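Participant: Structure for the following, please:
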Amino acid sequence: MKKVALLLVVAIAVMMFASCTTPAGKSGGNKKYAIVTNDAIGDRGFVDMAYEGIKKANEDFGIEFKVFECHADPSMYLDNLRAAASEYDVIFIVPGYFFDKELEEVKGKYPNKTYIYVDGLTAMENVKSAIFKQNEGAFLAGALAALLTQDTSVDKINAEKKVGFVGGADMPVIRDYQAGFEHGVRYTDSTVEVIARYVGDHYDPAKGKDTAYMTSQNGADVIFQAAGPTGLGILEAAKEHNFYAIGVDTDQGYLHPDYIVSSMLKRVDTAIYSIVESISKGDDIQDVYTFSVANDGIGLARNEYYDKIVPQAIKDKVDEIEQKIVKGEIKVDTYE
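Facilitator: Numbering: from 1, shown residues only. Predicted coordinates:
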């Protein structure tokens, strides 16, 4: 009887274990993950967000991962992408549009790997996309800027009703930020003027600072930057020349408290974490993952600096506008 009972217990345990394992053909928990990035950890922006996402996935799901950093050196793109594909199962390319040529070559040599092109929609075969509706977040930044520039009771706000947009490299994704920002300004107050300029480079903070200074001298008292590392110079200009800046990608308020009123969040951390979570659960890998205001992939930083600077009436209006985007009542312009 003891043997029969023992066998019964073992049989039940085996059945319970089997019910908790990942179905055949959908194994995700044992995959190895890589991030290949054009820049490096410590950029205080896009790459840091990606790193935070993969770190949290490691903590929660016990995944193995490695970050391949290219330090803004295109000569490293091919070698790092090749090294990642040779050893890892799922490769996040961050951001994808810097690696088009190299990705075409590497995926041909390693066709059985999963490539996820972050921050853009690609038509490449055997490459998945993670896209962001940055135009929605930029719309919120535009609405905030337009509301602030009208309120001369707020420190640093002049009477000219002008706001600024400063982009880094002139590329479609940055034009999409501009389109959303300008739409947000128009939606809020069509009489507010937008001064838009491009630095022409994502890696020139000094030129970014000069461009932001010129924009402020033309009357802009709130400037939204979408310029990668160049944007760090734009944020410095806010402190040096006494205007408000809106950061981008990550919450950059801590860099210059009292001058960075908010940041438009592109939650690369959320994107990478949620994709790893889905794969680890054994879900089918999607061709396109979309992140927006509605699923917290895009947003506006509401930190202690925002709370301190922004009047409650403006906060309430921004919240109201955000809910209209979530509900689909506002369709935000895109760059096409």
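
Participant: which residues does Val166 contact?
Facilitator: 196-199, 208, 211-212, 215, 223-227, 231, 234 (CB atoms under 8 Å, 6 or more residues apart in numbering). Every C-beta, even on glycine, is put in place using the N, C-alpha and C of the backbone.

Participant: tell me which of the residues you listed is nearest to Leu121?
Facilitator: Within the contacts of Val166, the smallest distance to Leu121 is 18.2 Å, found for Ala226 (CB to CB).

Participant: count of neighbours near that closest one?
Facilitator: Using other CB atoms under 10 Å, Ala226 has 32 neighbouring residues.

Participant: Does it touch Gly168 like I think?
Facilitator: Yes - Ala226 is in contact with Gly168 according to CB atoms under 8 Å; the separation is 6.9 Å.

Participant: Touching both of the two, which residues are there?
Facilitator: Joint contacts of Ala226 and Gly168 (CB under 8 Å, 6+ apart) are Ile174.

Participant: hang on, the earlier thing: most neighbours, which of the contacts of Val166?
Facilitator: Phe224 (35 neighbours).

Participant: What are the boundaries of the helices in the stretch 101-250 of the chain?
Facilitator: Assigned by DSSP state H, counting those that start in this stretch, the stretch 101-250 of the chain shows helices spanning 134-149, 172-188, 205-217, 230-241.

Participant: Please identify the most buried of these.
Facilitator: Comparing the helices of the stretch 101-250 of the chain by mean neighbour count (mean count of other CB atoms under 10 Å), helix 134-149 ranks first with a mean of 28.

Participant: how far out from the middle of the chain is that one?
Facilitator: 16 Å (CA atoms, centre = their mean, to the nearest Å).

Participant: That helix vs helix 172-188, what angle?
Facilitator: Relative orientation of helix 134-149 and helix 172-188, computed by axes from the mean of the first three to the mean of the last three CA atoms, to 10 degrees: 40 degrees.

Participant: Could you report the distance from the most centrally placed residue in the chain to Ala72?
Facilitator: By CA atoms, centre = their mean, the chain has its centre lying nearest to Lys266, at 2.7 Å. Using CB to CB, to the nearest Å, Lys266 is found at 19 Å from Ala72.

Participant: is it true that Phe92 touches Met49?
Facilitator: No - look at Phe92 against Met49 with CB under 8 Å: they stay out of range, at 11.7 Å.

Participant: Give me the more crowded residue out of these two.
Facilitator: Phe92 (30 against 22).

Participant: and the next element down the chain from the helix-or-strand element of the chain with minimal mean pLDDT?
Facilitator: One helix or strand of the chain scores below all others by mean pLDDT, DSSP states H and E: helix 2-20, with a mean of 36. Next in sequence after helix 2-20, counting helices and strands by DSSP states H and E, comes strand 32-37.

Participant: continuing past that following strand, what's the next helix or strand?
Facilitator: Past strand 32-37, the next helix or strand by DSSP H and E is helix 46-61.

Participant: C-terminal to that next one, what's the next element?
Facilitator: strand 64-69.

Participant: Next, the angle strand 32-37 makes with the very next helix or strand once past that following strand.
Facilitator: Downstream of strand 64-69, the next assigned helix or strand under DSSP H and E is helix 77-87. Counting by the same axes, to 10 degrees, helix 77-87 lies at 170 degrees to strand 32-37.

Participant: For helix 77-87, C-alpha coordinates in PDB please.
Facilitator: Presented in PDB, the C-alpha positions along helix 77-87 are these (Å, rounded to 0.1, in the frame of the first residue of the first chain):
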ATOM      1  CA  TYR A  77      27.900  48.600 -35.300                       C
ATOM      2  CA  LEU A  78      28.600  45.500 -37.500                       C
ATOM      3  CA  ASP A  79      31.000  43.700 -35.000                       C
ATOM      4  CA  ASN A  80      28.700  44.200 -32.000                       C
ATOM      5  CA  LEU A  81      25.600  43.200 -33.900                       C
ATOM      6  CA  ARG A  82      27.400  40.100 -35.300                       C
ATOM      7  CA  ALA A  83      28.700  39.200 -31.800                       C
ATOM      8  CA  ALA A  84      25.200  39.500 -30.300                       C
ATOM      9  CA  ALA A  85      23.600  37.400 -33.000                       C
ATOM     10  CA  SER A  86      26.200  34.700 -32.600                       C
ATOM     11  CA  GLU A  87      25.500  34.100 -28.900                       C
END
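
Participant: helix or strand right after that helix?
Facilitator: strand 90-94.

Participant: what's the spacing between that following strand and its chain's center?
Facilitator: Worked out by CA atoms, centre = their mean, strand 90-94 lies 14 Å from the chain centre.

Participant: just checking, Glu273 is part of a helix?
Facilitator: Slight slip there: residue 273 is Tyr, not Glu. Yes - Tyr273 sits within a helix when classified using DSSP: H, G, I helix; E, B strand; the rest coil.

Participant: Surely it is in contact with Gly53?
Facilitator: Yes - between Tyr273 and Gly53 there is a contact under CB under 8 Å: 4.3 Å.

Participant: And for Lys31, the neighbour number?
Facilitator: Neighbour number of Lys31 under other CB under 10 Å is 17.

Participant: From here on, call the first residue 779.
Facilitator: Got it, the first residue is 779 from now on, which makes the last one we talked about Lys809.
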